[in-house]
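Q: Predicted model and sequence follow; I will ask about them next.
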Amino acid sequence: MKSIVKTLLVTAVTAVMATSANAADLVLKFGHVGQPGSLFDMSANEFARIANAKLAGKAEVQVFGSSQLGKDKELLQKLKLGQIDFSLPSSVMSSVSDEFGVFEMPYIIQSRDHMKKVQAALGDTFQDAAGAKGYHILSYWENGFRHITNNTRAINVPTDLQGIKLRTPKGAWRVKMFKLYGANPTPMAFSEVFTALQTGVIDGQENPYAQIASAKFQEVQKYLSITGHVYTPAYVLTSKSGFGKLPADVQAALREAAVETQAYVYETAARLENELLTVIKDAGVAVNTADKAAFIAASKPVYDDYASSVKGGDALISKVQNAAK
């Protein structure tokens, strides 16, 4: 009898362990750096909602924001190691492959409609670039149009940035751009920016309203200058090999969910542009609209550098620009 009970207990424990293992295998982790209430946070949560409905218990997408699973570069590495299943990089992709650097060219993307046309015309170009590094893009979402905040002065023209210590993402082209404008660009992880602004380690930063407001930068910044100098896409990124190992029906559900989420992302981003600008103003931040023509004129050397130093760079710039027509 004791032997039978022991056998039954072992069998039960083994079954529980197997069930747990199977459940764990079906949990798909989505890591991102966005704070609660940010566009990243809302986008990833909407994707999880849509995906989990489609998956119907075959797998579950779980979202981890606020850099819980790592900063941008750590998330990229964890994708390759199979420690997470999705991340939502933006500017950092320019350090993954030169092709993504085209989105770092100032004012190259004019609108969300333009971005949709670029995706349609050049999607294979960026997918191939990601694939060569072991990644796969499921869809294009948004980080947004970027603007400058700082504690020194209002920024109307590029020369107003002279000497300002400005946090940038860790991408070579953004650094080059702000050096050209006269700033002192300081690459830094997003999760470290609030404290750096609060303590005066840096004077300012540049981000879309959704990132500025959700990270509460308005609490530690005096000026917001509406520049719209760069539009940064966000990429729903997976590991090429890891994603390929998922069951075909799971892959299909995730692809469909990522694409369907784009409409929500763009609609939400457009709404937040108005709502969050009001939030920033109400916090007492002085807001001005910069001289866009002056910034465009000052940006030509960045384009020339990309065109001459990146293989096929000149043609890629032309293709992105022509997609707007």
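A: Received, thanks. Residues are numbered from 1 along each chain as shown.

Q: Provide a list of residue ranges in the stretch 1-150 of the chain with pLDDT below threshold.
A: Within the stretch 1-150 of the chain, the ranges that satisfy pLDDT under 70 run 1-25.

Q: do that again at 50, thanks
A: Where the stretch 1-150 of the chain drops to pLDDT under 50, the residues are 1-24.

Q: Excluding residues flanking it in the chain, which one is nearest the residue nearest the centre of the chain?
A: Closest to where the C-alpha atoms of the chain average out (CA atoms, centre = their mean) is residue 90, at 3.1 Å. Leaving out its chain neighbours, the residue that sits closest to residue 90 by CB to CB, 6 or more residues apart in numbering is residue 143, at 4.0 Å. Just so you know, the C-beta spots here come from the backbone N, C-alpha and C atoms, and that holds for glycine as well.

Q: For the helix or strand containing that neighbour, enumerate the helices and strands it packs against.
A: Using DSSP states H and E, residue 143 maps to strand 135-145. Other elements packing on strand 135-145 under the criterion 3 or more CB pairs under 8 Å, 6 or more residues apart in numbering; DSSP states H and E are helix 39-55, helix 112-132, helix 209-214, strand 231-239, helix 240-244, helix 248-282.

Q: hang on, the earlier thing: wait, isn't the residue nearest to the centre of the chain in contact with residue 237?
A: No. With contact defined as CB atoms under 8 Å, residue 90 does not count as touching residue 237 (10.3 Å).

Q: thought residue 262 was touching residue 138?
A: No. Residue 262 is beyond contact range of residue 138, at 10.1 Å (criterion: CB under 8 Å).

Q: With distance to residue 318 added, can I get the helices and strands packed on strand 135-145 in a markdown table?
A: What follows is the helices and strands packed on strand 135-145, written out as a markdown table (distance: least, CB to CB, whole Å):
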| stretch | distance to residue 318 |
| --- | --- |
| helix 39-55 | 30 |
| helix 112-132 | 11 |
| helix 209-214 | 30 |
| strand 231-239 | 18 |
| helix 240-244 | 28 |
| helix 248-282 | 25 |
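
Q: do you know which of these lies nearest residue 63?
A: Closest approach to residue 63 among the helices and strands packed on strand 135-145 (CB to CB): helix 39-55, 4.7 Å.

Q: Enumerate the positions of the following helix or strand past that closest one that are buried.
A: For helix 39-55, the following helix or strand on the C-terminal side (DSSP H and E) is strand 60-64. For strand 60-64, a neighbour-count test (16 or more other CB atoms under 10 Å) marks 61, 63, 64 as buried.

Q: Provide the contact partners of strand 60-64 at residue level.
A: 26-32, 41, 44-45, 47-48, 51-52, 55, 84-86, 254 (CB atoms under 8 Å, 6 or more residues apart in numbering).

Q: one more time with 10 Å
A: The contact list for strand 60-64 (CB atoms under 10 Å, 6 or more residues apart in numbering) reads 23, 26-32, 34, 40-41, 43-52, 54-55, 69-70, 75, 84-88, 253-254, 257.

Q: Just the buried ones from those?
A: Applying 16+ other CB under 10 Å to those flags 28-32, 34, 40-41, 43-48, 50-52, 54-55, 69-70, 75, 84-88, 253-254, 257 as buried.
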